[in-house]
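**Q** model the structure of this input:
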Amino acid sequence: MSTYENFDHHSPECRDDIVGYYAEFREKCPVGRSNAHENGYVYLTTYADVFQVARNDALFSSTRAAAGLEGTAIVIPSGPFGGNMQYPLEMDPPDNVEYRRLLDLILSPAAVDELRPMIARHASRIVDEFIEEGSVDLVEVLTNPLPSAVTLDWIGFPEEDWKRIGRPIHDVFTSEPGSERAQRAYEGMAYMEKRLAELIAERRAQPQDDVISRLIEERKADGSEFSDAELFSVIGIAITGGVDTTTSLTGSVLVHLDEYPEMRQQLIDAPDLLIDGTDEFLRRYGSVTAMSRTATTDTEIGGCPVMAGERVLVPWFAANHDPEVFSEPQEVRLDRDASRHLTFGIGTHRCPGAHLARAMFQEMIHQVLTRMPDYRVDRENVVGYASRGNHMGWDVIPATFTPGPRVGDQVEQFTVASQGSDTFDVVLDDVDAAAEDVIAVTLRASDGSKLPAWEPGAHLEVRLPSGRLRQYSLCGPLDDPETYRIGVLRERSGRGGSEELHEVAVGGLELTVRGPRNHFPLVEAEEYLLIAGGIGVTPILAMARSLSARGRTARVLYGGRSRRSMAFVDELAALEGIEVELVPEDERGIPDLRAAVAQSPESTAIYCCGPGAMISAVQGVCDDLGRRDRLYVERFAASDEMEARLTSTEDNVPFQVELARTGVVLDVPVDKRLIEVVREVVPGVAYDCEKGFCGSCETRVIAGEPDHRDEVLSETERDAGRSMIICVSRSCSSRLVLDL
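**A** Now for the predicted structure:
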């Protein structure tokens, strides 16, 4: 096979077009050998190969010993930090377990949720420092200072150290090797190491309420203390991992939103989109582009022989842009389910700081979009990292914006409906036939309380008795705090959710719901054109109802198979100020979308919800007529991956799980996941995607037979039964014993 020895992930060609660079090699030689850097290496380009190598710790090691290096072996070329082993990053299982547990403890989702108010305070304070200026370098004033302040404050460094340490960490990743700036960066890192050693000693003598003190209190499985050197390494990883990766991601997204102002406006109008969109931004702009592993024995990858001792480049970025997994990967799609992305790695070495990174990123984007929404990036003068080989991002992002006021202590934390534990139980109060194969379902809170308020365009996520999750737009009166109403079309050739709800929808049925969430908010405009197709009329009805109540006018273009199939027609027709045009296909064909858009004034906000083909057609018309910036659409992106792990609870059986480290025995009922039961009693249990993709929650099995339902473990690993992914998997035996 061809080797393509000109491959070099640090080359100017890769830096200038990293997407195209990996795509070219994926096409002509997806696995090959490069002579660049040190003794050369094997490179990968596909998701499947990256996944295979990153998951197989026995065959592909993260240790320096396997590579025969004194410096860091997890990057190519090897890193300069020869004296400091990075626990647990440079260790293989089971040696890394104790140290990984420390990071999981302080970086669990619950722990990060407790940090959110602090993150918001720092973000608000930092923006206050430059909001009156109107012209700044966003890296210098925001994307570097915020992660630095949050991370170092949380860990226990005094304020005078934040800038002195945070900037050098950024410089390490952005400067040319051997440059004067690189030398200053390493001097700054030396200062950080000195201060960290001092703080560990101080906290041993006098504990405080910080991460250093908490980790000092922790003990290993045998009851012994962690040494200063071990704590130094683990905390050092938390610092360097917490600062520049988030700096890079946030900068890349701010530049992207400047280039795509319609997406920026979407996020301003519907902040909830940022929650689901964060993983898509991580997939597209993940800051750690590649790491490396070392083959421990002769093997092969994708037909390419690999010898023991050879290093293998593991490019997360290439995996995230593999079109076999992510269609049109160069595009950012906020409605894409990007849960499979490998930006944080996979399995035992998956980044434990994923939740903190998301929280800091979301808060920074929130601050920019709410306090300086008109920012403009001088894209001709942005400066990128010197190489994109291991990390990518922006070193300088000059921007201008309309100056704004300081807010002081009036901190507005980033919170949206989808964040936190917003699930609750409802009971079906009424079920009515709304049209052929369409039912209108009225819901009340099971405990009789008032329901959360909502705005037009909001939807509710419903967990059906089978475990399926479905989203339904709210279409009832907005001023009724006691009930919600949804419309459900029976899709006989669908995935089963609508069929199920039609079958079980009787008064008194209890369901669990989440929300309301709003990805489709009604913005203020002079005129409105509301386009509905089929059951897509439900959010359109809520919008029309709201506009009518406010004395506004709107035109509704409503298409359907036949009059019998078109729900809520009478309710729309009864709304004052709302002009409704019905287009039953069996009578009039399909709606004339081009005419509807062309005849509307340019100031008209155009809303569309319906079948994918209709939405695509409306988008095409708006593109042709130069109206795309006034178009708002609603899609429900069905997640087959998620459903595969959450459906068919009727096939579940109850079992018990024993947590070996404490001897606690817990019952896992049919309608609860194993991880839900475990995390009620184990603080810091690791998890992330909760869909069986990422491997964060992989747990060693001491006894029992797991019922594997993940997409992480290989068949060999499943047959061995030595570990399991506890977010989706269950038990075939009546009792499991886990190393927790």
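**Q** least confident secondary structure element in this structure?
**A** The helix or strand of the chain with the poorest confidence is helix 640-646; it has a mean of 43 (mean pLDDT, DSSP states H and E).
**Q** partner strands of the helix or strand following it, with direction?
**A** Per DSSP states H and E, helix 640-646 leads on to strand 655-659 as the next helix or strand towards the C-terminus. Here strand 655-659 has these sheet partners by DSSP bridges: strand 664-668 (antiparallel), strand 735-738 (parallel).
**Q** can you lay out the ones you listed as JSON lines showing mean neighbour count and mean pLDDT?
**A** C-beta here means a position set from N, CA and C on the backbone, and glycine is covered the same way. Formatted as JSON lines, the strands paired with strand 655-659 follow (neighbours: other C-beta atoms under 10 Å; pLDDT from 0 to 100):
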{"stretch": "strand 664-668", "mean neighbour count": "15", "mean pLDDT": "95"}
{"stretch": "strand 735-738", "mean neighbour count": "20", "mean pLDDT": "96"}
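**Q** any idea which of these gets closest to residue 320?
**A** strand 735-738 (31.1 Å; C-beta to C-beta).
**Q** ok, the residue of the chain positioned farthest from its centre - contacts?
**A** Using C-alpha atoms, centre = their mean, the residue of the chain lying farthest from its centre is residue 587. It sits 45.1 Å away. Contact partners of residue 587, counting by C-beta atoms under 8 Å, 6 or more residues apart in numbering, are 562, 563.
**Q** please save the CA atoms from the host helix or strand of it in PDB.
**A** Element membership for residue 587 (DSSP H and E) is helix 585-588. Extracted in PDB, the C-alpha atoms of helix 585-588 (Å, rounded to 0.1, in the frame of the first residue of the first chain):
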ATOM      1  CA  GLU A 585     -53.300  18.700  -1.400                       C
ATOM      2  CA  ASP A 586     -56.200  16.500  -2.800                       C
ATOM      3  CA  GLU A 587     -58.000  19.800  -3.700                       C
ATOM      4  CA  ARG A 588     -55.400  22.400  -4.500                       C
END
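**Q** what's the next secondary structure element after it?
**A** Counting by DSSP H and E, what follows helix 585-588 is helix 593-598.
**Q** partner strands of the very next helix or strand once past that following helix, parallel or antiparallel?
**A** Remark: after helix 593-598, the chain's next helix or strand is strand 604-609, criterion DSSP H and E. Using DSSP bridges, the strands paired with strand 604-609 are strand 527-533 (parallel), strand 631-634 (parallel).
**Q** buried stuff in stretch 51-61?
**A** 51, 52, 53, 54, 55, 56, 57, 59, 60, 61 (16 or more other C-beta atoms under 10 Å).
**Q** list the helices and strands the strand ranked longest in the chain packs on?
**A** The single longest strand within the chain, with elements called by DSSP state E, is strand 423-435. Applying 3 or more C-beta pairs under 8 Å, 6 or more residues apart in numbering; DSSP states H and E, one finds that strand 423-435 contacts strand 438-445, strand 483-489, strand 510-517.
**Q** of the buried residues of stretch 51-61, closest to residue 178?
**A** Closest to residue 178, out of all of the buried residues of stretch 51-61 and judged by C-beta to C-beta, is residue 61, at 28.9 Å.
**Q** from residue 298, how far out is the closest one?
**A** 14 Å (C-beta to C-beta, to the nearest Å).
**Q** ok, the most centrally placed residue in the chain to residue 329 distance?
**A** Central residue of the chain (C-alpha atoms, centre = their mean): residue 279, 2.6 Å from the mean position. In this view, residue 279 and residue 329 are 14 Å apart by C-beta to C-beta.
**Q** again with residue 341
**A** Residue 341 is 10 Å from residue 329, by C-beta to C-beta.
**Q** tell me which of those two has more neighbours.
**A** More crowded of residue 341 and residue 329, by other C-beta atoms under 10 Å: residue 341, with 26 against 23.
**Q** the residue lying closest to that one once chain neighbours are set aside is in what secondary structure piece?
**A** Nearest residue to residue 341 in three dimensions, chain neighbours excluded: residue 283, at 3.7 Å (C-beta to C-beta, 6 or more residues apart in numbering). Using DSSP H and E, residue 283 falls within helix 273-285.
**Q** can you check residue 364 too?
**A** Secondary structure assignment for residue 364, by DSSP H and E: helix 354-371.
**Q** got the buried residues for that helix?
**A** 354-369, 371.
**Q** number of nearby residues for the closest residue to residue 156 other than its chain neighbours?
**A** Leaving aside its chain neighbours, residue 156 sits nearest to residue 210 (3.3 Å; criterion: C-beta to C-beta, 6+ apart). If you count neighbours by other C-beta under 10 Å, residue 210 ends up with 15.
**Q** thought residue 210 was touching residue 152?
**A** No - using C-beta atoms under 8 Å, residue 210 makes no contact with residue 152, being 10.1 Å away.
**Q** in the chain, which helix has the most residues?
**A** Counting residues, the longest helix found in the chain (DSSP state H) is helix 228-259.
**Q** among the buried residues of stretch 51-61, which pair sits farthest apart?
**A** 51 and 61 (16.9 Å).
**Q** before we move on, back to that, tabulate the helices and strands packed on strand 423-435 (TSV), appending mean neighbour count.
**A** Shown next, in TSV, are the helices and strands packed on strand 423-435 (neighbours: other C-beta atoms under 10 Å):
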stretch	mean neighbour count
strand 438-445	21
strand 483-489	23
strand 510-517	19
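**Q** turn these into a markdown table, including distance to residue 469 and mean pLDDT.
**A** A markdown table is the format used below for the helices and strands packed on strand 423-435 (distance: least, C-beta to C-beta, whole Å; pLDDT from 0 to 100):
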| stretch | distance to residue 469 | mean pLDDT |
| --- | --- | --- |
| strand 438-445 | 16 | 94 |
| strand 483-489 | 14 | 95 |
| strand 510-517 | 8 | 88 |
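**Q** closest to residue 320 out of these?
**A** With distances scored as C-beta to C-beta, the stretch of those nearest to residue 320 is strand 510-517 (25.4 Å).
**Q** mind exporting the closest one as CSV, just the C-alpha atoms?
**A** The C-alpha coordinates for strand 510-517 follow below in CSV (Å, rounded to 0.1, in the frame of the first residue of the first chain):
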residue,chain,number,x,y,z
GLU,A,510,-49.4,9.4,34.0
LEU,A,511,-46.3,10.4,32.0
THR,A,512,-43.0,12.0,32.7
VAL,A,513,-42.1,15.1,30.7
ARG,A,514,-39.3,17.6,30.4
GLY,A,515,-39.3,21.2,29.5
PRO,A,516,-40.8,23.3,28.1
ARG,A,517,-37.9,24.1,25.8
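**Q** identify the residues contacting it?
**A** 272, 416-418, 422-428, 443, 446, 452, 454, 458-465, 474, 484.
**Q** same thing but at 6 Å, please
**A** 272, 417-418, 422-423, 425-427, 446, 454, 458, 460-463 (C-beta atoms under 6 Å, 6 or more residues apart in numbering).
**Q** and residue 105, that's in a helix?
**A** Yes - secondary structure of residue 105 (DSSP: H, G, I helix; E, B strand; the rest coil): part of a helix.
**Q** which residues touch it?
**A** residue 684.
**Q** 8 Å instead, please
**A** 111, 214, 215, 218, 683, 684.
**Q** and residue 669, how many neighbours?
**A** Residues near residue 669, counting by other C-beta under 10 Å: 13.
**Q** may I have the phi/psi pair for it?
**A** Dihedral pair for residue 669: phi -80, psi 170, per degrees, to the nearest 10.
**Q** once you drop chain neighbours, what's closest to it?
**A** Nearest non-adjacent residue to residue 669 (C-beta to C-beta, 6+ apart): residue 654, at 5.3 Å.
**Q** kindly report the same for residue 132.
**A** Nearest residue to residue 132 in three dimensions, chain neighbours excluded: residue 403, at 5.0 Å (C-beta to C-beta, 6+ apart).
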